[in-house]
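Participant: based on what follows, work out the 3D shape:
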Amino acid sequence: MLNKRLRLYTYLGAIFMATYSSLPAYINSSFLSDFFAEEKVGWIYAFGSIITIILMALAPQLIYRLGNRRFLLWLTSLSIISLIPLAGNGWGLPLNGLSIIIFFTAYTTLGYLTRYGLD
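Facilitator: Sure, this is the predicted structure:
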């Protein structure tokens with residue numbers, strides 16, 4: 001009985017985490033489709049995934065050098081800075097295709113690294 005309950009909790013947790021990660025991905029892809037064609041949105045996500053994989057491989061070394069607290073402080077600060085240009089043109093920042101790709105990739109990559117550091 002306990003085994004079935006644990007399995008149920010595991011499945012519910014997996015559904016929650018899938019929704020937690022897929023809903024922002026859908027919203028972000030809709031945001032990117034305002035600036036780029038549908039095919040390019042997939043390439044932007046693929047580019048961001050490659051950058052994330054590379055930085056995830058380097059993350060343990062960075063945590064060892066900086067310590068987890070400083071690592072998370074830097075990631076959070078950089079994540080906020082990378083989100084500001086994506087918030088809109090109300091900040092007076094020019095948004096072209098390249099800057100949107102750079103800031104979007106930085107924001108998503110830093111989010112994954114922050115979750116890694118919190119774990």
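
Participant: now do the contacts for the residue nearest the centre of the chain.
Facilitator: The structure's the chain has its C-alpha centroid closest to residue 108; by C-alpha atoms, centre = their mean the separation is 2.4 Å. Applying C-beta atoms under 8 Å, 6 or more residues apart in numbering to residue 108 gives the contacts 28, 48, 52. Yep, even glycine has a C-beta here, placed from its N, CA and C like the rest.

Participant: repeat the analysis, applying 7 Å as the threshold.
Facilitator: Neighbour list for residue 108: residue 48 [criterion: C-beta atoms under 7 Å, 6 or more residues apart in numbering].

Participant: and it, what element?
Facilitator: For residue 108, the host element (DSSP states H and E) is helix 97-118.

Participant: from the chain's centre, how far out does that helix sit?
Facilitator: 5 Å (C-alpha atoms, centre = their mean, to the nearest Å).

Participant: cool, and stretch 68-85?
Facilitator: 12 Å.

Participant: hang on, the earlier thing: buried residues, the helix holding residue 108. List them.
Facilitator: Neighbour counts over helix 97-118 (16 or more other C-beta atoms under 10 Å) mark 100-101, 103-114, 116-117 as buried.

Participant: do you know the pLDDT at the residue nearest to the centre of the chain?
Facilitator: pLDDT recorded at residue 108 is 85.

Participant: check residue 86 too.
Facilitator: Reading off the model, residue 86 has pLDDT 76.

Participant: so in this protein, where's the weakest helix or strand by average pLDDT?
Facilitator: helix 2-33 (a mean of 73; mean pLDDT, DSSP states H and E).

Participant: next SSE downstream of it?
Facilitator: Following helix 2-33 in sequence, per DSSP H and E, is helix 38-66.

Participant: what about stretch 56-76, distance to the chain center?
Facilitator: With C-alpha atoms, centre = their mean, you get 16 Å for stretch 56-76.

Participant: now the terminal residues of that stretch, how far apart.
Facilitator: One end of stretch 56-76 sits 16 Å from the other (C-alpha to C-alpha, to the nearest Å).
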